[in-house]
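Enquirer: Build me a model from this:
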Amino acid sequence: MNIALIAHDGKKKLMQNFCIAYRGILSKNTLYATGTTGRLIEEVTNLNIHKYLAGHLGGEQLICAQIEHNQIDLVIFLRDPNSKPHEPDINNAVKLCDLHNIPLATNLASAELLIKSLDRGDLDWREMYK
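Expert: This next block holds a predicted model:
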């Protein structure tokens, strides 16, 4: 499965901790991330992550292009409700995930539910959907 990982500045440490906790599951999948988030995750987990530009430099748009082409199976976008203007806008990712039936987590609770579902095989339908 192809998993996109994005986090606003205020949630980057939470994303690192999430990836540490679920490293075993994440390591079995192909991971994509915006530049800074991907680098921070790699530093603490040694996971292999395809990193795009930083979110505010267009990395979020590149991931959205993958979503639009149905090349992402799961998106974890830990958003900060108090995000700064330079941070990626989640609205485009949400719209595209809704349009293409791609599971999306925007907080730790939904991220944990989806990652555990992935591990159980509950998201295998994505392979047929493609």
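Enquirer: my guess is C19 contacts I41, does it?
Expert: Yes: if you go by Cβ atoms under 8 Å, C19 and I41 touch, sitting 4.8 Å apart. C-betas here are computed from N, CA, C, even on glycine.
Enquirer: any shared contact partners between the two?
Expert: Shared contacts of C19 and I41 (Cβ atoms under 8 Å, 6 or more residues apart in numbering): 5, 47.
Enquirer: Any stretches of the protein with poor pLDDT?
Expert: 83-89, 129-130 (pLDDT under 70).
Enquirer: So for it, the centremost residue is which one?
Expert: Residue closest to the average C-alpha location in the chain (Cα atoms, centre = their mean): L5, at 2.3 Å.
Enquirer: phi, psi of N29?
Expert: phi -130, psi 170 (degrees, to the nearest 10).
Enquirer: Burial check on the closest residue to it other than its chain neighbours, number of neighbours?
Expert: Closest residue to N29 apart from its sequence neighbours, by Cβ to Cβ, 6 or more residues apart in numbering: M1 at 4.7 Å. A count of neighbours around M1, defined by other Cβ atoms under 10 Å, yields 16.
Enquirer: do G24 as well
Expert: By other Cβ under 10 Å, neighbour count at G24 equals 8.
Enquirer: Let me know the helix or strand that it is in.
Expert: helix 23-26 (DSSP states H and E).
Enquirer: With L31 instead?
Expert: strand 30-33.
Enquirer: And for that strand, what's in contact with it?
Expert: 1-6, 38, 41, 47-52, 59, 63, 66, 72.
Enquirer: for stretch 119-130, same thing?
Expert: With Cβ under 8 Å, 6+ apart, stretch 119-130 has contacts from 1, 25, 70, 73-74, 101-103, 114, 117.
Enquirer: Make a markdown table from those and add distance to L31 and secondary structure to it.
Expert: Converted to a markdown table, those look like this (distance: Cβ to Cβ, whole Å; DSSP: H, G, I helix; E, B strand; the rest coil):
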| residue | distance to L31 | secondary structure |
| --- | --- | --- |
| M1 | 10 | coil |
| I25 | 11 | helix |
| N70 | 17 | coil |
| D73 | 11 | coil |
| L74 | 10 | strand |
| N101 | 21 | coil |
| I102 | 15 | coil |
| P103 | 15 | coil |
| L114 | 14 | helix |
| S117 | 17 | helix |
